[in-house]
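> Quick one, structure for this:
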Amino acid sequence: MLSCRTHRGTMFKLGSRCNAVPLRRAYSHQVRAFPFAVSREKAIDDLSLSASIFTGEKVPGTFLRRFFPSLNLEALRPIRAIPVYLPTWLIEAELKASIWARKLEDDDHIRCPRTNIDHLPNVLTGFNFIPLSMLSLVTPELLKTETVPVSEETKQHDGNDVLCLPFSVTPFHLPDVARELPTSKATIADVLRFEPRSVKETSFAAYPVLVPIYLAQYQAQAVVDGDLQYTTITAFIEAGVPNGRCVAEVLPGVDDLLSAFNVPVPDLFVRGPHAELVRKFATVCSLIAPNATLRHRELIERWADSAMCPAHALERYRDRFFGTTERAARAAVDWADPRIRPFEPAEREANAQWLSSGADLFLLRMMMDVYNSKREVPGGRPGRAERGRVGQDADRTGGEAARGQEAAVAGHLGDPAESAEATGPCEQGCPHGRRCVRIGTQRGLRGDALAAVDGWARASVTHSIMHTTVLHDNVRSFCGP
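A predicted model of the protein is given here:
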């Protein structure tokens, strides 16, 4: 974890370190920027109020001046403030892997040789500078903001040059890192583990974006080595949304005070909307596998987030795949890679449709595996009662593929307990609405559903697999009212 004592003041060294490079950096035409959503003065006022609260320095004057600027009160103001663009990657990907999953700790693990995982979207900082590179500065509000191509206008804000940092890493080697993990580190939780060598990316789109912040430096009184003296701390505010989060270093002495009262000492102070998401990097929107549940999806997200949080994780990633220096790493970024896409609505919509169709196809293949295993029962086709017991190993033949099938549907389409009452259209645009989710754990794959598959599969499964549009309709046509 980040040590505030070790890295105190290092955020603002970012400015002095980059003074030797041009502020008006040339970016690839694929890069898009989130525009500054607040003025310089408002960003400084909001950040100064948060810094005053974090440090206890001039709190009354700073608070009153924030809401009554005409009052001539002494308030906390930065000794230096600069606008900065931080390079960031937004990732939309589909992965496949072999996993071992169980629903409860005392259950037996079930091997799922084919598992489909959709990530939409994930965040990877595109530069290495601790502690900024350890934080996720992409919020749901920011994702709703329209980006703009990088131009000379975007490199200026309120008459000030914006410090534009370069991209020094790309996310395309992350699957390589997963494949090379030792088995001990591939255990996500007691109920879930995966085979590292089986990880395979089937779809991968990465969007390079620039996230705006205002970086400032303040002086505040603190107890250092037993003496009360002025010290310098660094703080920043997200400037891509009107009310961004404020992040500040912990003032010397504050961590000792908190420890004396047995209060956990944070690495950084965070204030504002979505403060809990500052270390949230991964989002798994779909997990399809026998015996998979919504809990497994959440465990994968936590495991990925924890892998990105260590202070030098990104530095080791850069050193191995791009270069041990920033200059070498910048030169190693291949902007001709076709997986690099501009962050625009048309691009995102096309990728979302592709991921949705891929998930539907994977789910259909799993259903057909279950269907075929039931047809292969010795002595003929199973009866209606037996067909209604999918997920319970009714015939003990091919049961491993069938067990937990209802949870796989829930992992893809959502929680059936929550969705059963919904009446609006589902996320995939299904004409049947959210009622198609009701084939989840509460009702299982009913006998009549399998009977519908029986007749439908004979006539159209081959054509459906080849045509994703027909596939989308047919997968849900037997879901029932």
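> can you give me the mean pLDDT across the helix or strand residue 89 falls within?
Following DSSP states H and E, one finds residue 89 within strand 80-101. Mean per-residue pLDDT for strand 80-101: 94.
> One more: stretch 253-270?
81.
> buried sites along stretch 153-167?
Across stretch 153-167, burial judged by 16 or more other Cβ atoms under 10 Å covers 154, 155, 157, 162, 163, 164, 165, 166, 167. For every residue, glycine as well, the C-beta is placed using N, CA and C.
> my bad, stretch 41-58
43-55, 57-58.
> contacting residues for the closest residue to residue 334 other than its chain neighbours?
Closest residue in space to residue 334, ignoring its immediate chain neighbours: residue 170 at 7.3 Å, by Cβ to Cβ, 6 or more residues apart in numbering. Contact analysis of residue 170 by Cβ atoms under 8 Å, 6 or more residues apart in numbering lists 89, 126, 206, 322, 333, 334, 337, 340.
> Need the pLDDT of the second one.
Here the pLDDT value assigned to residue 126 is 95.
> Please, where are all the helices along the stretch 201-350 of the chain?
254-260, 294-308, 313-321, 326-332, 345-375 (DSSP state H, counting those that start in this stretch).
> any idea of the angle the longest one forms with strand 80-101?
Meaning helix 345-375. 10 degrees (axes from the mean of the first three to the mean of the last three Cα atoms, to 10 degrees).
> need the strands for this structure, in chain order.
Listed in chain order, the strands of the chain (DSSP state E) span 32-33, 80-101, 110-125, 148-149, 156-157, 160-161, 163-164, 187-189, 192-194, 200-224, 227-238, 246-249, 268-271, 284-288.
> Now, of the contacts of residue 170, which are buried?
For those, buried by 16+ other Cβ under 10 Å: 89, 126, 206, 322, 333, 340.
> May I see the residues you listed organised as CSV, with distance to residue 279 added?
Putting these into CSV (distance: Cβ to Cβ, whole Å) gives the following:
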residue, distance to residue 279
89, 16
126, 17
206, 21
322, 23
333, 25
340, 25
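> And the residues you listed, which is closest to residue 301?
residue 89 (17.4 Å; Cβ to Cβ).
> Am I right that the closest one is in contact with residue 127?
No. Between residue 89 and residue 127 there is no contact under Cβ atoms under 8 Å: 10.3 Å.
> shared neighbours, those two?
residue 169.
> For beta bridges, what are the partners of residue 247?
residue 236, residue 270 (DSSP bridges).
> and it, what does it touch?
Here residue 247 is in contact with 135, 235, 236, 237, 268, 269, 270, 271, 278 (criterion: Cβ under 8 Å, 6+ apart).
> Over to residue 343?
So residue 343 contacts 32, 90, 147, 207, 208, 209 (Cβ under 8 Å, 6+ apart).
> nearest spatial neighbour of it, skipping sequence neighbours?
Among residues not flanking residue 343 along the chain, residue 207 sits closest, at 3.8 Å (Cβ to Cβ, 6+ apart).
> So the one you found sits against residue 32, correct?
Yes. At 7.2 Å, residue 207 counts as touching residue 32 under the criterion of Cβ under 8 Å.
> Name the residues contacting each of those two.
342, 343.
> give me the number of residues near residue 360?
22 (other Cβ atoms under 10 Å).
> Now do the same for it: its pLDDT.
84.
> Then residue 8?
So, for residue 8, pLDDT stands at 52.
> Kindly report the same for residue 342.
Predicted confidence (pLDDT) for residue 342: 96.
> From residue 56, how far off is the closest residue to residue 58 other than its chain neighbours?
Counting by Cβ to Cβ, 6+ apart, the nearest residue to residue 58 once its immediate chain neighbours are dropped is residue 76, at 4.5 Å. Taking Cβ to Cβ, to the nearest Å as the measure, residue 76 and residue 56 are separated by 10 Å.
> which neighbours do those two share?
Jointly contacting residue 76 and residue 56 under the rule Cβ under 8 Å, 6+ apart are residue 220.
> got JSON lines for the contacts of residue 170, with distance to residue 365 too?
Putting the contacts of residue 170 into JSON lines (distance: Cβ to Cβ, whole Å) gives the following:
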{"residue": "89", "distance to residue 365": "31"}
{"residue": "126", "distance to residue 365": "36"}
{"residue": "206", "distance to residue 365": "27"}
{"residue": "322", "distance to residue 365": "37"}
{"residue": "333", "distance to residue 365": "37"}
{"residue": "334", "distance to residue 365": "34"}
{"residue": "337", "distance to residue 365": "30"}
{"residue": "340", "distance to residue 365": "30"}
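> between those, which is nearest residue 26?
Nearest to residue 26 among the contacts of residue 170, counting by Cβ to Cβ, is residue 333 at 13.0 Å.
> residues in contact with the closest residue to residue 86 other than its chain neighbours?
Distance criterion Cβ to Cβ, 6+ apart; nearest residue to residue 86, sequence neighbours excluded, is residue 211 at 4.7 Å. Residues near residue 211 by Cβ under 8 Å, 6+ apart: 34, 85, 86, 88, 137, 138, 142, 238, 240.
> looking at those residues, which has the most residues close by?
Going by other Cβ under 10 Å, residue 238 tops the contacts of residue 211 with 32 neighbours.
> mind listing what the residue nearest to residue 343 touches?
By Cβ under 8 Å, 6+ apart, the neighbours of residue 207 are 32, 89, 90, 91, 92, 121, 340, 341, 342, 343, 347, 348.
> Now do residue 50 against residue 268, distance only.
12 Å.
> what's the overlap in contacts for the two?
residue 248.
> Can you give me the neighbour number for the spatially closest residue to residue 27 that is not a sequence neighbour?
Using Cβ to Cβ, 6+ apart and skipping the chain neighbours, the partner closest in space to residue 27 is residue 150 (4.7 Å). Using other Cβ under 10 Å, residue 150 has 22 other residues around it.
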